[in-house]
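A.B. asks: I'd like to go over a predicted model; first the sequence, then the structure.
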Amino acid sequence: MDKPRALLTAFLYIGFSFAIHAQSATPNQIPELEQKLAATTNPAEKAALCNELSYAWQRKDLEKGVQYAEDARTLAEAAGEKRELMKALNLLGDAAIRQRNLEQAGKYYQEALELAQKTENAEMEGRALHNKGKLAQTMGQPEEALVFYEQAYQIRERINDQQGLSSTTQNLGVLYTARADYEKSIFYYQKALQLKEASGDRAGAATVQANLANNYTFLGRFSDAELLLRAAIETNTALDNKRGLAQAYMNLSTVLSRLGQQQAAIEALVIAKTLFLALDDKGNVIGVLNNLGQIYTEQAQYAKAQEVLLEALKTVEGVPANGELMYLINMGLGRIKGYQSLFKEELSYYAKAIAYAGNDLERTTMLQAIAAAQIGDLQFEKGLATALEGAALAREKGFRDREADCLNQAASALLNLNRLKEALKNIDAAIALGKKTGYQVFIPAALVTRSRIVSKMNGDKEAILASAMAALKSAQKLENPLEEVHAWEELSEAYRKLNETDKALEALKKAQLLRDSIFSKQEIRTLAVQEKDYEFDKERAEQELEQQRAAVAAEAALTRQRQQRNAWIIGLSLLLFGGFGYFLYWRNRQQTRAQLREAETRQRIARDLHDDVGSTLSSISILSAASGQTSLGEKARQAMESMDDVVWSVNPANDSMENVLQRMKEFSVELFESQGIALHFQADEAVKTLNLPMEQRKDFYLLFKEAANNAAKYSGASEVWVLVQSDNGGLRLEVRDNGRGFDPATVKQGNGLWNMQRRAERMGGQLALESRVGEGTRMLLALVMK
């Protein structure tokens, strides 16, 4: 699929004017003005000189500038000089803006405006309105600023205030550009340029030239933009205005890129970057990196493109209010993914970028890029709708190059939807618009799209060939490798239609070699070339074997058969996998339900045993004690302990070896401490993670309990060791004491030992009992985990 052309962004130099038109003093004139001030005794002259000194000092030392303005205000009020008083109020407002005291600035300007209207001083009224517009612009209120500037413009034009008009018209141009109303912006910029040139303000004229050139760029008037920017570069070089020079070179790179002069555009950006780095202007450095990334992307130098865009992304982290920059960087990274046919990743970057799109130009650019990505991702209906939306917005706002791009994407979508007449109409309109505006980088892709449309319509084969050749020539001239690949592929298709198979294969090989040279470093490959090779080989074999055979009909029949077969296979597969999936779901659900029922039953049994049987045994114990039948009470207490063990093991809340170990330790401590026996209890961490069924956990615990009781009651030991270990995935329990021991051969086996042996067998383990007289006893249980 065709991808969007590089859409470089020109960064506007939009610093508004602080000019105070009745004053013209410079910092160099300060000594002379201060001498005059010291020499005069006239309050009116003193007020005028203090205003001049305030204007000069504000550029050098703001505090001194404020002090002189305050002095001018006091002197003017004392002398009754309303004009000098209004100048002082405006100067105090300008100083307050520089001090970021915007509320106070508004009060000064409003006082100056009311005094001007009261005294019917049109010049001062125009100045106060201009300054109120400047304040609104500073506060991020562009609509309010426009109202004040328009009022100031009407007054200043009526009284022919040339110097004041040059500042007001320049700021109106800036605001209308921000609104994407380029025709109005151009009107005011042209007027500002005439006024600044007439007054000899070369630096101001260069700034206006750069901004006016941006408007021409947005409207696709690239040649006009280039002339203005080269004039601005010449002026800024002569004035040694590094900021203005950097901005002009940056904007010139945008124009040169649109004119297809990519290497010259890169050289201009390198100069701009050097100048912006010297000025420590991170925002514009990021802008330069973004534009370099776009040009490198256009040249299929994806490694370089990604390198500079990631550098920009790293730099942008330290820049406040970076929404515009984030928009540009995400757009650039998205394009890199798009040119590699990674369309879903491309769309994910665009989703990030569109959140930062702040004006109609950026929204149009986003719509065109998203449309191209959707078409690449085979979402043709969505791509068509997005492209047409972008074309309509571009047409409404006068973005002729963006309109051409959107029409090209619409044509591509219509081609894939087999709406060929509509596709041809759109691509012809796009090509005509691109040629009219001199939008050279757009032409190769558009010619390839047109060739594909005509080819699918079975149009003039020679015309298809001519269009493909023109696309190839244009792509080579512009040094655009990816579009050259597309042109070679289309040329191959054109030769195939002319039955010039050898030429078709040769063109296809060139396309493949060039594509490999572009994508080899990223190890990105597509199957398009292999598919075309397959089609060519198949077609040549058919031509040799069956010259008279209707290839199209046979291929269509074969396709239908494959579709029917595939439909059956897919349908049966879906049915089979769906049924199997449902069976697995059902079985899992049944198992889960069974487990829940088992857990609920176990919990209920545990609760009932504890509440009912436990209560009964407790009552027996108490009553037997009261009646003096101690043996019966002892048996009741033993039964209660046994029942407590059963209740504990049945309760689902205790279904873990960690809980078993904790209960074993608590029981051991309580048992052996009461007998004055030292306990050494040790359990491996790995044992806690073992998973034993409920019955095994119960038998394991009760077997341990029996062994511990034996050691406490019969061994006469002073120390007992309990070891629980994980042994190669199995479980090992050892209970050892240093007591009197016994001879197993001479001791009759009682119920306790018999119960332990039975529990070990039930668990699938092996029980060993070792003892010698005078050497203690050792019980060992080895359990193999399944």
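C.D. replies: That came through fine.

A.B. asks: can you list the domains in this structure?
C.D. replies: Listed by automatic domain parsing, the domain ranges of the chain are 202-280, 360-545, 558-653, 655-783.

A.B. asks: Tell me the helix or strand right after the strand or helix carrying residue 255.
C.D. replies: Assigned by DSSP states H and E, residue 255 belongs to helix 242-258. Sequence order places helix 262-278 as the next helix or strand after helix 242-258, per DSSP H and E.

A.B. asks: tell me the angle that following helix makes with helix 242-258.
C.D. replies: Comparing the axes of helix 262-278 and helix 242-258 via axes from the mean of the first three to the mean of the last three C-alpha atoms, to 10 degrees yields an angle of 160 degrees.

A.B. asks: quick check: mean pLDDT across helix 262-278?
C.D. replies: Averaging pLDDT along helix 262-278 yields 93.

A.B. asks: neighbouring contacts of that helix?
C.D. replies: 8, 242-243, 245-247, 249-250, 252-254, 256-257, 284-285, 288-289, 291-292, 295, 298-299, 478-479 (C-beta atoms under 8 Å, 6 or more residues apart in numbering). C-betas here are computed from N, CA, C, even on glycine.

A.B. asks: likewise stretch 414-428?
C.D. replies: Residues contacting stretch 414-428 (C-beta under 8 Å, 6+ apart): 375, 378, 380-381, 384, 407-408, 410-412, 446, 449-450, 452-454, 456-457.

A.B. asks: Relative to the whole chain's centre, how far out is that stretch?
C.D. replies: 34 Å (C-alpha atoms, centre = their mean, to the nearest Å).

A.B. asks: Give me the neighbour count for residue 683.
C.D. replies: Around residue 683 there are 20 other residues, counting by other C-beta atoms under 10 Å.

A.B. asks: Distance of it relative to residue 395?
C.D. replies: 79 Å (C-beta to C-beta, to the nearest Å).

A.B. asks: Can you get me a residue count around residue 418?
C.D. replies: Neighbours of residue 418 using other C-beta under 10 Å come to 9.

A.B. asks: Pretty sure it sits in a helix.
C.D. replies: No: Residue 418: not assigned to a helix; according to DSSP: H, G, I helix; E, B strand; the rest coil it is coil.

A.B. asks: Just the helices from the stretch 551-700 of the chain, written as ranges.
C.D. replies: Ranges of helices within the stretch 551-700 of the chain are 551-608, 614-627, 630-650, 657-675, 694-714, based on DSSP state H, counting those that start in this stretch.

A.B. asks: Lowest mean pLDDT across the ones you listed, which one is that?
C.D. replies: Among the helices of the stretch 551-700 of the chain, helix 614-627 scores lowest, at a mean of 47.

A.B. asks: Just the C-alpha atoms of the helix holding residue 255, please, in PDB.
C.D. replies: These are the backbone C-alpha positions of helix 242-258, laid out as PDB (Å, rounded to 0.1, in the frame of the first residue of the first chain):
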ATOM      1  CA  LYS A 242      20.900  34.000  14.800                       C
ATOM      2  CA  ARG A 243      17.400  33.200  16.000                       C
ATOM      3  CA  GLY A 244      15.700  34.600  12.900                       C
ATOM      4  CA  LEU A 245      18.300  32.900  10.700                       C
ATOM      5  CA  ALA A 246      17.700  29.500  12.400                       C
ATOM      6  CA  GLN A 247      14.000  29.800  12.000                       C
ATOM      7  CA  ALA A 248      14.300  30.800   8.300                       C
ATOM      8  CA  TYR A 249      16.600  27.800   7.600                       C
ATOM      9  CA  MET A 250      14.200  25.400   9.400                       C
ATOM     10  CA  ASN A 251      11.200  26.700   7.400                       C
ATOM     11  CA  LEU A 252      13.200  26.600   4.200                       C
ATOM     12  CA  SER A 253      13.900  22.900   4.800                       C
ATOM     13  CA  THR A 254      10.100  22.300   4.800                       C
ATOM     14  CA  VAL A 255       9.700  24.000   1.400                       C
ATOM     15  CA  LEU A 256      12.700  22.300  -0.200                       C
ATOM     16  CA  SER A 257      11.400  18.900   1.000                       C
ATOM     17  CA  ARG A 258       8.000  19.600  -0.600                       C
END
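
A.B. asks: which helices and strands does that helix pack with?
C.D. replies: helix 202-218, helix 222-239, helix 262-278, helix 282-298 (3 or more C-beta pairs under 8 Å, 6 or more residues apart in numbering; DSSP states H and E).

A.B. asks: so for the first one, what's the average pLDDT?
C.D. replies: For helix 202-218, mean pLDDT rounds to 88.

A.B. asks: Go through it and flag the buried ones.
C.D. replies: 204-218 (16 or more other C-beta atoms under 10 Å).

A.B. asks: just stretch 31-38 next, same as before
C.D. replies: In stretch 31-38, counting by 16+ other C-beta under 10 Å, buried: 33, 36, 37.

A.B. asks: which one among those residues gets closest to residue 128?
C.D. replies: residue 33 (24.4 Å; C-beta to C-beta).

A.B. asks: C-terminal to the strand or helix carrying the closest one, what's the next element?
C.D. replies: For residue 33, the element it lies in under DSSP H and E is helix 30-39. Per DSSP H and E, the first helix or strand lying C-terminal to helix 30-39 is helix 43-58.

A.B. asks: for the record, mean pLDDT for the next helix or strand after that next one?
C.D. replies: The helix or strand immediately downstream of helix 43-58 is helix 62-79, counting by DSSP H and E. Taken as a whole, helix 62-79 carries a mean pLDDT of 93.

A.B. asks: outside of helix 62-79, which residues touch it?
C.D. replies: Taking C-beta under 8 Å, 6+ apart as the rule, helix 62-79 contacts 43-44, 46-48, 50-51, 53-59, 81-82, 84-85, 87-89, 91-92, 95, 98-99.

A.B. asks: Any of the contacts of helix 262-278 buried? List them.
C.D. replies: 8, 242-243, 245-247, 249-250, 252-254, 256-257, 284-285, 288-289, 291-292, 295, 298-299, 478.

A.B. asks: Model confidence score at the closest residue to residue 661 other than its chain neighbours, please.
C.D. replies: Spatial nearest neighbour of residue 661, excluding adjacent residues (C-beta to C-beta, 6 or more residues apart in numbering): residue 683 at 5.0 Å. Looking at residue 683, its pLDDT is 91.

A.B. asks: Quick one: residues contacting residue 683.
C.D. replies: Residues counted as contacts of residue 683 (C-beta under 8 Å, 6+ apart) are 661, 665, 723, 724, 725.

A.B. asks: Where neighbours are concerned, which of the residues you listed has the most?
C.D. replies: Busiest of the contacts of residue 683 [other C-beta under 10 Å] is residue 724, holding 24 neighbours.
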